[in-house]
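Chemist: Sequence first, then the predicted structure:
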Amino acid sequence: MTTQAYFRPRSLAEALGLLDEHGPAMLVMAGGTLAMPLINKGVSRPEKVMGLRQAGLDYVRPVDGGVYIGAAAPLSRVRAESGVPLLAEAVKNVAGWAVQNIATAGGNLFAPPPAGDLAVALLALDAQVKLASLKRGERLVPLAEFFTGFLTNCLDPDELLVEIQVPKPAGKSVLLKYGRLYTNTPAIVSVAVRVVTENGRAKDVRIALSAVGPHPFRARQAEAALTGSSLDSSAIAAAASAAAAECEPHTDPIASAEYRRRMTGVFVQRALAQVAA
Amino acid sequence: MASKIVTFTLNGRETEVMVKPLTTLAKALREKLGFTATKCGCYEGNCGSCTVIVNGEPVLSCILPVEEVEGQNVLTLEGITPAEGLHPLQQAFHENFAIQCGFCSPGMLMVSKALLDKNPHPTQAEVAEAISGNLCRCTGYDPIIAAVLQVAAGSNGNQGGSHE
Ligand SMILES: Cc1cc2nc3c(=O)[nH]c(=O)nc-3n(C[C@H](O)[C@H](O)[C@H](O)COP(=O)(O)OP(=O)(O)OC[C@H]3O[C@@H](n4cnc5c(N)ncnc54)[C@H](O)[C@@H]3O)c2cc1C
Ligand code: FES
Ligand code: FES
């Protein structure tokens, strides 16, 4: 263990001050379910670490049918208190009980694929993230623009992710995670869809995917394929094959890229069929 | 940075431990305090053998810095094992052949204890979900689930243990 200091700020202001003072030499950690295993194994040897558990960012605050989630809120609290069924379903599909108690909502947005099971639901719900720095204050970014690549995002080195804002979900939504087991399993693919209909036609469509690309993303071509349709089976099939075509899956010990692509089509089809039913 | 003293309640008793920054709860328990019932199979959050209960909730002590339990209530397997005999869950694990090599047992017992404290009469599916973060390479899980259900069936919500 080479870590010389473990800071536990008591407020966001203190956390931002510490980040400003120590810069990127200090590892930011929320629940630590991603960071601590790497530190235990010696893969990561941060000289300084800042833990966010005490920084007042662990709230889950339902507002007007939506919810504001502090970046360091444990997943178990999101599951119990968000009031948004899609988020509860997403957390139910993350790891096991003890991990849900430690892992945070914000941390899930930094998890490499095949993780990202909360992120995929947040994308389907049009979530925004609030980022803050000591010198430049706060900014709000749509979650879809937060992710920029594999393990990269638009967060600046002096910024913290502070809050996730979920507007009141309109329409009907479904989340399906496909893995090798029913619980506590890495995703082969995770799909979250939300469809708002008007006069029997799909007006607003969100089709979000995780574990089949460098980061959780919205399958825009699949969304376009379904928009304006009457959610009939041929429109659903077209959206499913568009999703399978536009995903960028990888091969890992859980599944091959080819299998992930096939299952992306299958599970988008199933999720949309549930929405249409 | 110098070592630091962390104070918390361990199995009902006020406890102090001197640790280097970022020392995990598992290391503090096993190597500093001599509470070795808690096992570490992986040190990366995957196996659940290091599960302990903090303020009623199961957590993985191998990835939790001990400083995070400052002032909190920590319960380990030592804390539910009576001076004489066995805790009802231990007894039921024994009777149902839910222990073979025994490496997963401390974690399984703690997560089962946390479940029954919250939900004294869980369904089979609820038990399976509760223990899903705990790997057992020997029993095939069914005996463990049977043991937990046996305790639930025989209890009125209170399955004893010295530090509820
Ligand atoms: C056994 C196991 C099973 C898992 N299963 C799943 C699963 O099924 N699905 C899934 O999606 N994930 C899974 N995960 C991955 C992970 O636990 C979750 O994604 C979790 O939400 C990560 O959150 P954390 O707070 O623990 O992250 P941390 O380890 O605390 O954070 C990781 C990194 O993210 C950055 N970071 C975190 N929070 C902030 C912030 N507020 N501001 C700035 N930077 C920040 C930091 O760089 C930090 O080092 C699993 C992990 C384990 C150990
Ligand atoms: S040792 Fe903690 S989960 Fe394996
Ligand atoms: S009894 Fe051997 S791992 Fe469970």
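Modeler: Okay, I see it. The structure displayed is predicted, hence computed values, not measured ones. Ligands and ions are numbered 1, 2, ... in the order given.
Chemist: Every contact and neighbour count from this point should use C-alpha atoms.
Modeler: OK.
Chemist: now the strands: where do they sit in the chain?
Modeler: You didn't pick a chain, so chain A it is. For chain A, the strands defined by DSSP state E cover A:5-7, A:26-29, A:48-51, A:60-63, A:66-70, A:128-133, A:137-142, A:147-149, A:152-153, A:159-166, A:172-179, A:187-198, A:201-210, A:217-218.
Chemist: please go with chain B instead
Modeler: Using DSSP E, strands in chain B cover B:4-10, B:13-19, B:51-54, B:57-60, B:73-75.
Chemist: CSV please, covering those strands and showing mean neighbour count, distance to A:S210 and mean pLDDT.
Modeler: Formatted as CSV, the strands of chain B follow (neighbours: other CA atoms under 10 Å in any protein chain shown; distance: least, CA to CA, whole Å; pLDDT from 0 to 100):
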stretch, mean neighbour count, distance to A:S210, mean pLDDT
strand B:4-10, 17, 40, 98
strand B:13-19, 15, 39, 98
strand B:51-54, 26, 28, 98
strand B:57-60, 27, 26, 98
strand B:73-75, 22, 36, 98
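Chemist: B:L109: which of those is closest?
Modeler: strand B:51-54 (8.9 Å; CA to CA).
Chemist: Is the closest one in proximity to chain A?
Modeler: Yes - Strand B:51-54 lies within reach of chain A by CA under 8 Å from any CA of the partner chain, at B:T51.
Chemist: residue ranges with poor pLDDT in chain B?
Modeler: Chain B contains residues with pLDDT under 70 at B:1, B:155-164.
Chemist: sorry, back to before: how about the strands of chain B, which one is nearest ligand 2?
Modeler: Closest to ligand 2 of those, according to CA to the nearest ligand atom: strand B:57-60, at 5.2 Å.
Chemist: Ligand 2: which of the strands of chain A is closest?
Modeler: strand A:26-29 (17.6 Å).
Chemist: how close does B:E31 get to ligand 1?
Modeler: Distance of B:E31 to ligand 1, given as CA to the nearest ligand atom, to the nearest Å: 23 Å.
Chemist: what's the burial count for that residue?
Modeler: 11 (other CA atoms under 10 Å in any protein chain shown).
Chemist: With A:G31 instead?
Modeler: 27.
Chemist: pretty sure it contacts A:P74?
Modeler: Yes - in terms of CA atoms under 8 Å, A:G31 counts as a neighbour of A:P74; the distance is 7.4 Å.
Chemist: Name all residues that sit in contact with the two at the same time.
Modeler: A:I102, A:A103, A:T104 (CA atoms under 8 Å, 6 or more residues apart in numbering or on different chains).
Chemist: Just give me the residue right at the centre of chain A.
Modeler: Geometric centre of chain A, nearest residue: A:A119, 1.2 Å, by CA atoms, centre = their mean.
Chemist: What segments of chain B are helices?
Modeler: Secondary structure of chain B (DSSP state H): helices at B:25-27, B:77-80, B:88-95, B:105-118, B:124-130, B:142-154.
Chemist: so what's the residue of chain B found nearest ligand 1 up against?
Modeler: Here the residue of chain B nearest ligand 1 is B:N46; by CA to the nearest ligand atom that distance is 3.8 Å. Residues near B:N46 by CA under 8 Å, 6+ apart: B:G133, B:N134.
Chemist: try it again with 10 Å
Modeler: Residues in contact with B:N46, defined by CA atoms under 10 Å, 6 or more residues apart in numbering or on different chains, are A:T33, A:P37, A:A95, A:G96, A:V99, A:N184, B:L60, B:C62, B:G133, B:N134, B:L135.
Chemist: B:L60 now?
Modeler: A:33, A:97-99, A:101-102, B:24-26, B:40, B:43-54, B:107, B:133.
Chemist: Kindly state the domain boundaries assigned to the chain.
Modeler: Reading this off chain A. Following automatic domain parsing, one finds the domains of chain A at A:5-51, A:60-166, A:172-276.
Chemist: Chain B, not that one
Modeler: B:4-78, B:88-156.
Chemist: Nearest to A:P157, out of the ones you listed?
Modeler: Between the domains of chain B, domain B:4-78 lies closest to A:P157; by CA to CA that is 22.3 Å.
Chemist: For stretch A:65-81, buried residues please.
Modeler: Under the neighbour-count criterion of 16 or more other CA atoms under 10 Å in any protein chain shown, stretch A:65-81 has A:66-79, A:81 buried.
Chemist: Ligand 3: which of the residues you listed is nearest?
Modeler: Checking the buried residues of stretch A:65-81 one by one against ligand 3 (CA to the nearest ligand atom), the nearest turns out to be A:S76, at 25.5 Å.
Chemist: Look at the nearest residue to A:L134 once chain neighbours are set aside and report its pLDDT.
Modeler: With CA to CA, 6 or more residues apart in numbering or on different chains as the measure, A:L16 is the residue that lies nearest to A:L134, at 5.3 Å, once sequence neighbours are left out. pLDDT, A:L16: 98.
Chemist: A:L16 and A:G107, how far apart?
Modeler: Counting by CA to CA, to the nearest Å, the separation of A:L16 from A:G107 is 17 Å.
Chemist: neighbour count winner among those two?
Modeler: The neighbour comparison of A:L16 against A:G107 (other CA under 10 Å) goes to A:G107, with 24 against 21.
Chemist: Now the residue of chain B closest to ligand 1. Its backbone dihedrals?
Modeler: Main-chain torsions, B:N46, degrees, to the nearest 10: phi -90, psi -30.
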